[in-house]
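Engineer: just the structure for this:
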Amino acid sequence: MNALSSWLSALRIYAHPRVLGMLSLGFSAGLPLLLVLGTLSFWLREAGIDRTTIGHLSWVGLAYGFKWLWSPLVDRLPLPVLTRLLGRRRAWLLLSQFVIVIALVGMANNDPVVNLTYTVFFALAVAFASATQDIALDAYRIEAVAVELQGAMAATYQAGYRVAMIFASAGTLWIAAAVDPSETTYEYAPWRFAYLVMAACMSVGIISTLIIREPEVPINKLISENEKFAQQSIAKWQLNARLAAMLAWLYGAVAAPFRDFIVRHGRQALLILALIAIYRISDVVMGVMSNPFYVDMGYTKDEVATVSKVYGVIMTILGAAIGGVLTAKIGIMRTLFLGAILSAATNLLFVWLAGRGHDVTGLVFTISADNLSAGIASCAFIAYLSGLTNTAYSATQYALFSSVMLLLPKFIAGFSGQFVDAYGYESFFIATALLGIPVLVLVWLAGQAKFERVEIPQSDSKQRL
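Structural biologist: Residues are numbered from 1 along each chain as shown. Below you'll find the predicted structure:
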């Protein structure tokens, strides 16, 4: 009975209001991503846009790769009126969510066949606002609850995020298919309706942002000391007081988080950043052409929605669960190595699938293996990134890591359509598998480097519930 009571007591953490709130906030974070990447590429390909252009348009996702540039501003800069009314984190969350809604409505009300430039403009706006929302939400998640609730916050956030990915991919395809008078010809109206529905779904995050309470977290001691050091150094320059204060703030908000990472890791910093930059390169580059590949192989929207978007997400969640067990049993670096091998190897299954044509059974098998391996790799990678982060600068440093993770792969992925046009799908999938070889080398080298997560004393970073 005592054991049962202990388990029930442990499960009660999921009833905490802020833990529950992360379900809807995670949903809000996960919804925009595929609407400007995978789902948009399906829409564009069905509209007759050539693969080279679709590949280049995937560069809108580079907004997520550059979010470290403005993450210090989101972390520390107050917004007029909104910050006073809502607080630092909620103000940035609400602003970014409203921009996402407006930009999604803009995408919905523009046919890419008529004006592709407008589609690109609104997609960029969605990506930029979504990346900003991610920065603010990461900071809120870290600050909102005590350490013992962080695991539950991460779990509910991931659950909401994955559900949103199903909505943004399978949901959008199902809605468009349901109102599409013909699967054989392109119609703009179904896609307009589907994207308007997705814009309305962002109300989930907006309502949650208005309901949740702003975390009351004092400025960390390390941050205060850095700004004090900067003020003392700048005072020697005999500058205007306002200019000196601004430079000291910029040092504490922008320079100090990056300097901290370099100082803690020394010569290993470049190796770590190189690994982060290319670890997911096989999956990211291949992913841009996956939806155009499904269209060219004759798969319908319903088939792709069911197999790739719903079943595939479920397999990703299962893979993440397996990755968590492997990380605990064999360690982070070994699991990273295994995930890199599986991610590259499963790309070769798409070569096999390309030779089979329209084969739903083959699609199920390929998607299962690919998403399962992606889940394992992602779980180990997140654990690795978490260990690199100094808790004094969690939001800014995590934004740096997640940006570096996407920057190079997204840039290379922009040429994926051009490569397919020149050499075909089979050669493309083989090339993406080969991209995984340098990843294995870097994982092995990084495994020789020791890193340690820097924790700030609880008295200096007390979380208020």
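
Engineer: all strands of the stretch 251-400 of the chain, in order?
Structural biologist: Counting by DSSP state E, counting those that start in this stretch, the stretch 251-400 of the chain has no strands to list.

Engineer: where does it have low pLDDT?
Structural biologist: 252-254, 309, 328, 383, 386-387, 389-395 (pLDDT under 70).

Engineer: same check on the stretch 1-150 of the chain?
Structural biologist: Where the stretch 1-150 of the chain drops to pLDDT under 70, the residues are 1-16, 145-150.

Engineer: could you count how many residues lie near the spatially closest residue to Thr396 that is not a sequence neighbour?
Structural biologist: If the residues on either side of it in the chain are set aside, Thr396 comes closest to Pro257, at 4.1 Å by C-beta to C-beta, 6 or more residues apart in numbering. In this view, the C-beta of every residue, glycine as well, is placed from N, C-alpha and C. Other residues near Pro257 come to 26 when the count uses other C-beta atoms under 10 Å.

Engineer: contacts only, for the closest residue to Leu69 other than its chain neighbours.
Structural biologist: Of all residues not flanking Leu69 in the chain, Ser403 sits nearest, at 7.9 Å (C-beta to C-beta, 6+ apart). Applying C-beta atoms under 8 Å, 6 or more residues apart in numbering to Ser403 gives the contacts 64-69.

Engineer: on the C-terminal side of the helix or strand containing Ser403, identify the next helix or strand.
Structural biologist: Taking DSSP states H and E as the criterion, Ser403 maps to helix 394-413. Going down the chain from helix 394-413, the next helix or strand is helix 416-423, by DSSP H and E.

Engineer: closest one of the contacts of Ser403 to Val179?
Structural biologist: Tyr64 (30.5 Å; C-beta to C-beta).

Engineer: correct me if wrong: Pro409 contacts Gly287.
Structural biologist: No - using C-beta atoms under 8 Å, Pro409 is not in contact with Gly287, being 9.1 Å away.

Engineer: more neighbours, the two?
Structural biologist: Pro409 (25 against 21).

Engineer: count the neighbours of Arg45 for me.
Structural biologist: 22.

Engineer: in contact with it, which residues are there?
Structural biologist: Residues near Arg45 by C-beta under 8 Å, 6+ apart: 51, 54, 291-292, 295-296.

Engineer: quick one, domains of the protein?
Structural biologist: 16-216, 266-454 (automatic domain parsing).

Engineer: in a markdown table: those domains, plus distance to Leu243.
Structural biologist: Conversion of the domains of the chain to a markdown table gives the following (distance: least, C-beta to C-beta, whole Å):
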| stretch | distance to Leu243 |
| --- | --- |
| domain 16-216 | 17 |
| domain 266-454 | 23 |
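
Engineer: next secondary structure after the helix or strand hosting Tyr64?
Structural biologist: If you go by DSSP H and E, Tyr64 is part of helix 62-65. Next helix or strand after helix 62-65 toward the C-terminus (DSSP H and E): helix 71-76.
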